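Trainee: just a sequence and a predicted model for now, questions to come.
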Amino acid sequence: MAISLTENAATRVKNYLDSRGAGIGLRLGITKTGCSGYSYVVNYADELDEADIVFEDKGVKVVVDADALPLVDGTEVDFVKNGLNEAFSFRNPNIAGECGCGESFTV
């Protein structure tokens with residue numbers, strides 16, 4: 001089981017945590033929502049909970065709740081800029097389908 005980061009994502013997290021002056025890494029989760037069933041939730045982790053699983057890639061800790069891990073296992077997190085927009089994006093091998101707008105997915 002693993003979550004990986006591209007160089008762009010690792011750099012974004014490191015820079016944000018440095019400018020913020022606090023935090024231990026990136027927290028990746030899911031929530032039931034959208035037209036396809038699940039949506040990603042991305043936050044910066046300030047602490048660990050008992051149910052958290054911690055991965056480390058490119059010097060960045062990625063924290064995932066154990067309940068969410070089966071749905072995101074093997075995901076590569078990227079950070080992309082498109083014009084004025086910038087956001088994390090995900091390459092999740094568990095996805096069976098996505099909604100038309102790309103905001104939610106099914107497994």
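Mentor: Thanks, I have it.
Trainee: on the pLDDT front, check the most centrally placed residue in the chain for me.
Mentor: Geometric centre of the chain, nearest residue: Leu28, 3.8 Å, by C-alpha atoms, centre = their mean. Predicted confidence (pLDDT) for Leu28: 95.
Trainee: then the one 5 residues further on?
Mentor: Here, the pLDDT recorded for Thr33 equals 78.
Trainee: can you check Thr106 too?
Mentor: So Thr106 comes in at 73 (pLDDT).
Trainee: hang on, isn't it packed against Ser39?
Mentor: No: look at Thr106 against Ser39 with C-beta atoms under 8 Å: they stay out of range, at 11.0 Å. Bear in mind the C-beta positions are built from the backbone N, C-alpha and C, glycine included.
Trainee: circling back to that earlier point, let me know the helix or strand that the residue nearest to the centre of the chain is in.
Mentor: Following DSSP states H and E, one finds Leu28 within strand 25-33.
Trainee: so what strands line up beside that strand?
Mentor: Sheet pairing of strand 25-33 (DSSP bridges) gives strand 37-45 (antiparallel), strand 60-65 (parallel).
Trainee: quick one: buried residues of the first one?
Mentor: The one in question is strand 37-45. Neighbour-count burial for strand 37-45, counted by 16 or more other C-beta atoms under 10 Å, picks out 37-40, 45.
Trainee: can you check stretch 61-72 too?
Mentor: 61-65, 68-69, 71-72.
Trainee: can you check stretch 81-95 too?
Mentor: Burial within stretch 81-95, assessed by neighbour count using 16+ other C-beta under 10 Å, is assigned to 88, 90, 92, 95.
Trainee: so which residues make contact with stretch 30-49?
Mentor: 13, 16-17, 20, 22-29, 52, 54, 61, 63, 65, 68, 71-72, 88, 90, 97-100, 103-107 (C-beta atoms under 8 Å, 6 or more residues apart in numbering).
Trainee: quick one on the thing from earlier: what's the farthest-apart pair in the buried residues of stretch 81-95?
Mentor: Using C-beta to C-beta, the two most remote members of those are Phe88 and Ile95, lying 15.4 Å apart.
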